[in-house]
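K.L.:
Fold the following.
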Amino acid sequence: MAIDIPVKTSAGRRGRGPTGSAGPARRARAPRRPWVKVVVALLLVVEIYPLIWMFLTSLKSNDDYLNNSTWSLPTTWEWGNYSEAWTTGHLGLYVQNSLLAVLPALALMLLLGTAAGFALQIMVWKGRSLTLLVFLAGMMVPPQMILLPLFTVYFQTGLSGTLWPLILTYTGTGLPLTVFMMATYYRTVPRELFEAATIDGAGILRAFWTISVPLVRNALLTVGLVQFFFIWNDLLIALTFTNDQDLRTIQVGLLNFTGDFGATQYGPLFAAICINVFGTLLIYLFLNQKVMKGLTSGAVKG
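P.N.:
Numbers count the residues shown, from 1 in each chain. Purely as a prediction, here's the structure:
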């Protein structure tokens, strides 16, 4: 019986075809097209240049801003604009008010939204699909429609003149989206984990706190960060319910920032804007990887 032994030729070398050209693996690593790099460079310029311009403008004096070109560099570097914005412009007070309104609302929103998502996806009970539709219907209600009724309710209950109207309104308006997103993430959690916990004698509260919450911690971070930016950058609700200067949030404070100086002081104004923008940007850059993990964890059912 003869054995067919392949003959080694120059055309049969590894990674080469009959004509000596590169194989599929080699062709897959083709060099990136130059226009892709050009597009990426343009996008970087569009994103980064306004931040650089805003920072340089925050270091200009008022005369420098009004008399020289908008695109020119500062003739004198006024670093004192930042301290003036923080103290004279009451930016520190505005940041404090924003934190006192945003953080409790965010905590309530995540707690209630996570519990609702757990109840709607993990627990089995009659009417949960209809309940989820009711939450989704809340996403279609424009906030502008409920401001006047809420203002009347807060005034009659004596909550006006405090930060409670902001906390309650932020929680109520952000809860439908939070419930929807958390219910979507809970679909990826294997049901066998909760079945095993029930067999081992774990109650519903223990299954929620010790099993479900650690499994969706990336989702909690993602939803929390998204909602944080929504309510931190809010102007309409804060402008409606804060009629006292001592209760202004940072967005309302920036809107009325020039009134604290009697005239428009562009250096301190842009300094205050830089503190707001770069502060939130640093938060996102620090939590960027965890946010990406949270977004992808809810994309495919495991």
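
K.L.:
Return the residues in contact with the residue nearest to Y94 when sequence neighbours are not counted.
P.N.:
Spatial nearest neighbour of Y94, chain neighbours left out: G253 (3.5 Å); criterion: Cβ to Cβ, 6 or more residues apart in numbering. (C-beta placed from N, C-alpha, C; glycine too.) G253 is in contact with G89, H90, L91, L93, Y94, A272, counting by Cβ atoms under 8 Å, 6 or more residues apart in numbering.

K.L.:
The fifth one is in what secondary structure piece?
P.N.:
Just to be clear, that refers to Y94. Here Y94, judged by DSSP states H and E, is contained in helix 91-121.

K.L.:
what's the spacing between that helix and its chain's center?
P.N.:
From the chain centre to the centre of helix 91-121 is a distance of 13 Å (Cα atoms, centre = their mean, to the nearest Å).

K.L.:
so what secondary structure elements neighbour it?
P.N.:
The elements that helix 91-121 packs onto, with contact taken as 3 or more Cβ pairs under 8 Å, 6 or more residues apart in numbering; DSSP states H and E, are helix 128-138, helix 164-186, helix 217-232, helix 250-255, helix 266-286.

K.L.:
quick check: angle from it to helix 266-286?
P.N.:
Helix 91-121 runs at 30 degrees relative to helix 266-286, counting by axes from the mean of the first three to the mean of the last three Cα atoms, to 10 degrees.

K.L.:
List the buried residues for helix 91-121?
P.N.:
By 16 or more other Cβ atoms under 10 Å, the buried positions in helix 91-121 come out as 91, 93-95, 97-98, 101-102, 104-106, 108-110, 112-121.

K.L.:
where does the protein dip in pLDDT?
P.N.:
1-32, 258-263, 290-291, 293-302 (pLDDT under 70).

K.L.:
In it, which residue is most central in space?
P.N.:
The centre of the chain sits closest to V226, judged by Cα atoms, centre = their mean, with a distance of 2.9 Å.

K.L.:
My guess is L220 contacts T114. True?
P.N.:
Yes. L220 is in contact with T114 according to Cβ atoms under 8 Å; the separation is 6.6 Å.

K.L.:
okay, and the common contacts of these two?
P.N.:
Listed as contacting both L220 and T114 by Cβ under 8 Å, 6+ apart are M182, V213.

K.L.:
Out of the helices and strands packed on helix 91-121, flag the one nearest S69.
P.N.:
Nearest to S69 among the helices and strands packed on helix 91-121 is helix 266-286 (13.8 Å), distances taken as Cβ to Cβ.

K.L.:
Tell me the buried residues in the closest one?
P.N.:
Y266, G267, P268, L269, F270, A271, A272, I273, C274, I275, N276.

K.L.:
Just list the residues touching the second one, thanks.
P.N.:
Shown in contact with G267 (Cβ under 8 Å, 6+ apart): T57, S58, L59, K60, S61, N62, Y65, E78, N81, E84.

K.L.:
Mind doing that once more with 7 Å?
P.N.:
G267 sits next to S58, K60, S61, N62, Y65, E78, N81 when contact means Cβ atoms under 7 Å, 6 or more residues apart in numbering.

K.L.:
now swap in the last one and tell me
P.N.:
N276 makes contact with I250, L254 under the criterion Cβ under 7 Å, 6+ apart.

K.L.:
which of the buried residues of helix 266-286 lies closest to A183?
P.N.:
Using Cβ to Cβ, N276 comes nearest to A183 of those, at 32.6 Å.
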